[in-house]
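A.B. asks: Sequence first, predicted coordinates after that:
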Amino acid sequence: MTIEAIQEELIDEFSMFEDWMQRYEYMIDLGKSLPLIDENLKTDDKLIKGCQSKVWLNSEMQDGKITFTADSDAIITKGIIAILVRVFSNQKPQAILDANTDFIDEIGLKEHLSPTRANGLVSMIKQMKMYALAYQTQLKN
Amino acid sequence: MSFDVQKIRNDFPILSRKVNGYPLVYLDNAATSQKPQQVIDSIVDYYSNYNANIHRGVHTLSQEATDAYEASREKIQTHFNAKEAYEIIFTAGTTHGINLVANGFSDILKKGDEIIVSAMEHHSNIVPWQMLCERTGAILKVIPMNEDGILIMEEYEKLLSKKTKLVFVNHISNALGTINPIAQITEKAHQVGAAVLIDGAQSCSHIKPDLQKLDADFYVTSAHKMCGPTGVGILYMKEKWGNKLPPYQGGGEMIAEVTFEKTTYATLPHKFEAGTPNICGGIAFGAAIDYLNSIGFKAIEKHENALLKYATEKLLEIEGLKIYGTGPEKTSVVSFNIEGIHPYDIGTIVDKLGIAVRTGHHCAQPIMDFYKIPGTVRASFAFYNTLEEVDALVNAVKKAKVMLS
């Protein structure tokens, strides 16, 4: 599936909810269903800076596609990173670099883009794009 | 005057707004307080009617502004019971005041001298002293605290010696709400000849300190914690220290005479007030002090203690909830966690219900390290909060717990 198609799918899923509580409950469920990552991967160099909660983001490159795995010690943050993993994992670096992130607004999570939220949604996206850029550079070389 | 919380709330326009569709319940008062109409009016009045630069102009506006600014200094002097108005130095806030003192001590301290701070300090109270120690070769010592969040006074006494030059402690911990025994701390420090700096950022909205009785050498606080505007605060320093410490910043206002060969400095307080100050802020700070005194600190304390007691009882009914800072002497701050739930998650959910609390390490990471926690949820109450708002908090936390478990 393309990034756009996954984003459309998420917008569809979130459009079913009537209020913020249902949206957050779904996000919490997404957080809980995020596959566990190896404890060995939860190292300081995998931490995303700028979050009130801890977020570890790991990436691997296979067959020209990046796989992201992640974890967090806060469940709402884990829900947010789960959404991002679903959107950006198993994609080619260039597709990740080209992707826009307007869907975040459309699924009602715009408030998490504010720098005062300190949950690092912006940092998470930036970090994923940084990995994509690094792998893309590797591919070109 | 009897204490009527509903009437008081009418003075605060912001308290009638809604957040996320719910009435705002503002419980982040330890971060900053809300402002009553009287303070807002004083700001509008200044800019509408007598905005001018102070201390130098001979024109009427400048004199009016100077009079109002200096009248505010005298109000602050009276409020804190400082001996002289010139012992009150206007600053940009608590952090500025601390840095001013730290800078002054960099000329006084020698290698091997010691500075004592407490284990429950805000980062702004740790970092300037670490920087000072790096510059001077002085050594930083820390008064430890116990599980209840109370400073261990026996350990403090052991740290004191002839080498101690400065003791620095907050009046009230921002993360825990503990009221520290500052009179006792000051007395012991003076016995070994050390100076004492008290950080009153968290106390001045709850307690009216008597600076002459307390006998501290320095006392700092910020206007915005006590219903005044941001960007202004005071540093109280005893006259002898005012004469001893060198100026912090050079500029206009702080000079007596300038030639290219030599500059002589102005007398107190202007020696430490370089440049055009926050005139409006200083005047509004005076209006805030008038406002708080019109309610009365006894009434404020009584109401806030009732809020603290009720909130503590109700929150502890929630299974798995633990409160940090459980000493008998504390102000209306409740710092807590629920077992197995990250404080950030609780803060996010209760915000959706219109409740403003603080989550995180509250700029006091050493305290969080002590308890081995990533942070806490902190509800801090002011005199304009109500028992119904405590109920709203408790219900929201219960809802968050259900959602997050």
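C.D. replies: Ah, there it is. Numbering: from 1, shown residues only, chains lettered A, B, ... in the order given.
A.B. asks: B:Ile152 touches B:Ile143, doesn't it?
C.D. replies: Yes - under the criterion of CB atoms under 8 Å, B:Ile152 is in contact with B:Ile143, at a separation of 7.0 Å. Any C-beta I mention is one placed from the backbone N, CA and C, and that applies to glycine too.
A.B. asks: So those two - more neighbours on which side?
C.D. replies: Each of B:Ile152 and B:Ile143 has its neighbours counted (other CB atoms under 10 Å in any protein chain shown); B:Ile143 has more, 24 against 14.
A.B. asks: Give the full set of residues in contact with the more buried one.
C.D. replies: Applying CB atoms under 8 Å, 6 or more residues apart in numbering or on different chains, we find B:Ile143 in contact with B:Ile116, B:Val117, B:Ser118, B:Ala119, B:Leu151, B:Ile152, B:Glu155, B:Tyr156, B:Leu159, B:Val169.
A.B. asks: Ignoring the adjacent residues along the chain, who's closest to the last one?
C.D. replies: To tie it back to what came earlier, the one meant is B:Val169. Once flanking residues are discounted, B:Val169 sits nearest to B:Ser118: 4.6 Å by CB to CB, 6 or more residues apart in numbering or on different chains.
A.B. asks: In terms of pLDDT, where does whatever residue of chain B ends up closest to chain A sit?
C.D. replies: Here chain B gets closest to chain A at one residue, B:His342, 3.6 Å apart by CB to the nearest CB. At B:His342, the pLDDT value in this model is 94.
A.B. asks: ok, the residue nearest to B:Val169 touching B:Thr178?
C.D. replies: No - the pair B:Ser118 and B:Thr178 fails to qualify as a contact (CB under 8 Å) at a distance of 9.7 Å.
A.B. asks: can you list residues touching both of these two?
C.D. replies: When CB under 8 Å, 6+ apart defines a contact, the residues bordering B:Ser118 and B:Thr178 alike are B:Leu151.
A.B. asks: who has more neighbours, those two?
C.D. replies: Taking other CB under 10 Å, B:Ser118 and B:Thr178 do not tie; B:Thr178 has more neighbours (29 against 24).
A.B. asks: May I have the phi/psi pair for the more buried one?
C.D. replies: Backbone torsions of B:Thr178, given as degrees, to the nearest 10, read phi -60, psi 130.
A.B. asks: gap between the most centrally placed residue in chain A and A:Ala134?
C.D. replies: Against the mean C-alpha coordinate of chain A, by CA atoms, centre = their mean, the closest residue is A:Leu84 at 2.1 Å. Distance of A:Leu84 to A:Ala134, computed by CB to CB, to the nearest Å: 17 Å.
A.B. asks: got a list of what B:Gly193 touches?
C.D. replies: Listed by CB under 8 Å, 6+ apart, the contact partners of B:Gly193 are B:Lys162, B:Thr164.
A.B. asks: burial measure for residue 130, as a count.
C.D. replies: Reading this off chain A. 13.
A.B. asks: wait, chain B
C.D. replies: The number of residues packed near B:Gln130 is 13, by other CB under 10 Å.
A.B. asks: shouldn't it be in contact with B:Leu140?
C.D. replies: Yes - judged on CB under 8 Å, B:Gln130 makes contact with B:Leu140 at a distance of 6.3 Å.
A.B. asks: helices or strands next to the particular helix or strand that has A:Ala82 in it in the packing?
C.D. replies: Secondary structure here is read from DSSP states H and E; on that basis A:Ala82 sits in helix A:75-88. Contact analysis of helix A:75-88 by 3 or more CB pairs under 8 Å, 6 or more residues apart in numbering or on different chains; DSSP states H and E lists helix A:3-15, helix A:20-33, strand A:55-62, strand A:65-72, helix A:121-140, helix B:343-352 as its packing neighbours.
A.B. asks: same thing but at 7 Å, please
C.D. replies: Under the contact criterion of 3 or more CB pairs under 7 Å, 6 or more residues apart in numbering or on different chains; DSSP states H and E, helix A:75-88 touches helix A:3-15, helix A:20-33, strand A:65-72, helix A:121-140, helix B:343-352.
A.B. asks: is chain B contacted by the second one?
C.D. replies: By that I understand helix A:20-33. Yes - Helix A:20-33 comes into contact with chain B when judged by CB under 7 Å from any CB of the partner chain, the residues involved being A:Trp20, A:Tyr24, A:Glu25, A:Ile28.
A.B. asks: How far away from the center of its chain is that helix?
C.D. replies: Helix A:20-33 sits 14 Å away from the centroid of its parent chain (CA atoms, centre = their mean, to the nearest Å).
A.B. asks: For A:Asp29, which non-adjacent residue is spatially closest?
C.D. replies: A:Gly79 (7.6 Å).
A.B. asks: residues touching that neighbour, list them.
C.D. replies: A:Met27, A:Ile28, A:Leu30, A:Gly31 (CB atoms under 7 Å, 6 or more residues apart in numbering or on different chains).
A.B. asks: Now for the closest residue to B:Cys363 other than its chain neighbours, how many residues are close by?
C.D. replies: Sequence neighbours aside, B:His123 is the residue nearest to B:Cys363 in space, at 4.5 Å (criterion: CB to CB, 6+ apart). If you count neighbours by other CB under 10 Å, B:His123 ends up with 14.
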